[in-house]
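Engineer: pasting the sequence and the predicted model now:
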Protein chains: 2
Amino acid sequence: MYAVDEKGRVNLPAKLRKYVSPEANDTFVITRGFEKCLFIYPVDEWNKLEGNLRNLSSYDPEHRRFIRTLLELASESQLDGQARLSIPQELREYANIQDQVRVIGTLDKIELWNPNIYDEYKNGQPESYESIAARVMK
Amino acid sequence: MYAVDEKGRVNLPAKLRKYVSPEANDTFVITRGFEKCLFIYPVDEWNKLEGNLRNLSSYDPEHRRFIRTLLELASESQLDGQARLSIPQELREYANIQDQVRVIGTLDKIELWNPNIYDEYKNGQPESYESIAARVMK
DNA sequence: CCAAAATTCCCCACTTTTCCCCACCGTGAC
DNA sequence: GTCACGGTGGGGAAAAGTGGGGAATTTTGG
């Protein structure tokens, strides 16, 4: 759990920063995620994703919709001197992020959640973690 | 049974340390486990697990949930000079670990339990150890 | 096109947590 | 008894996290 200050800045935990490739050069792309959270991609990871997007067809309505939604709120920015990232207001509103965030590192990106919404998400699942794990990792 | 000191440190018993591969270089990843306990993986074991996670699809809602839950509280750290590991507060809270822990070595990882919760878990099982053994090892 | 307002960004300062180190206690082996 | 090893406790430096002032830039309104 980390603080969001009045200026909408979030500290990226040192533990997670450690895993970000130096190629990213402290630059990140932040956009809306799945379920009401935000995704923060180190630019190098983002570029890979963007490469995949280019393979989609802008003549297919579903592809179009997917690309638009993903890019609509996307925004690139750099860490400040204290390793914090500014989260644009529209994105904060989308994820309902106020003064506290839960930060989750998920392999290729980082997720930001309103802590309450994350708890609801976890508790709202019909199946337990253990039983999903058994199925997924079989 | 081992002590947890005021700083949240736990001594990894010499008996267990003996079995950890030198490749792990005294580095461990600690995260939530199944049932209310914590898992401590030597990094080399963790890396294998992480490799499997990367094969999951982050576009599948169940896979996403699994990855989030597993990584949400995950944290890497090294043994200190006295062969102790610091257990982050959020993880201690999750497993309800206060001043005593039960430490169980389980082949590829180590489990930490609140001693009382572990007893309840054992006693709460409908089937006896012997009859599970018969089925599992058939 | 200019001025006022708002936002962004860069810097400095303070607080809290983590981690590195040293010291101590108890037990079992010699 | 004394030595070695495993386990426990705690002080203090360094790192991580937090808050906020003010210049620079962008946006807005006339």
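Structural biologist: Ah, there it is.
Engineer: around chain B, which positions in chain A sit nearby?
Structural biologist: A:1, A:15, A:34-35, A:102, A:104-108, A:111, A:122, A:125, A:129-130, A:132-133, A:135-137 (CB under 8 Å from any CB of the partner chain). Yep, even glycine has a C-beta here, placed from its N, CA and C like the rest.
Engineer: could you redo the last one with a cut-off of 7 Å?
Structural biologist: Counting by CB under 7 Å from any CB of the partner chain, the positions of chain A adjacent to chain B are A:15, A:34, A:104-107, A:125, A:129-130, A:132-133, A:136-137.
Engineer: tell me which parts of chain A are close to DNA strand D?
Structural biologist: Chain A comes close to DNA strand D at residues A:2-3, A:5-7, A:11-15, A:82-84, as judged by CB under 7 Å from any atom of the strand.
Engineer: about what we covered before: out of the residues of chain A next to chain B, list just those in helices.
Structural biologist: Among the residues of chain A next to chain B, the residues falling in helices (DSSP state H) are A:15, A:129, A:130, A:132, A:133, A:136.
Engineer: okay, who's weakest in those by pLDDT?
Structural biologist: Ranked by pLDDT, those bottom out at residue A:136, which scores 87.
Engineer: got a winner among the residues of chain A next to DNA strand D for most neighbours?
Structural biologist: residue A:12 (21 neighbours; other CB atoms under 10 Å in any protein chain shown).
Engineer: my read: that residue touches residue A:83, true?
Structural biologist: Yes - using CB atoms under 7 Å, residue A:12 and residue A:83 qualify as a contacting pair, with a distance of 5.7 Å.
Engineer: ok so, going back, which of the residues of chain A next to chain B has the most neighbours?
Structural biologist: Most crowded among those, counting by other CB under 10 Å, is residue A:105 at 22 neighbours.
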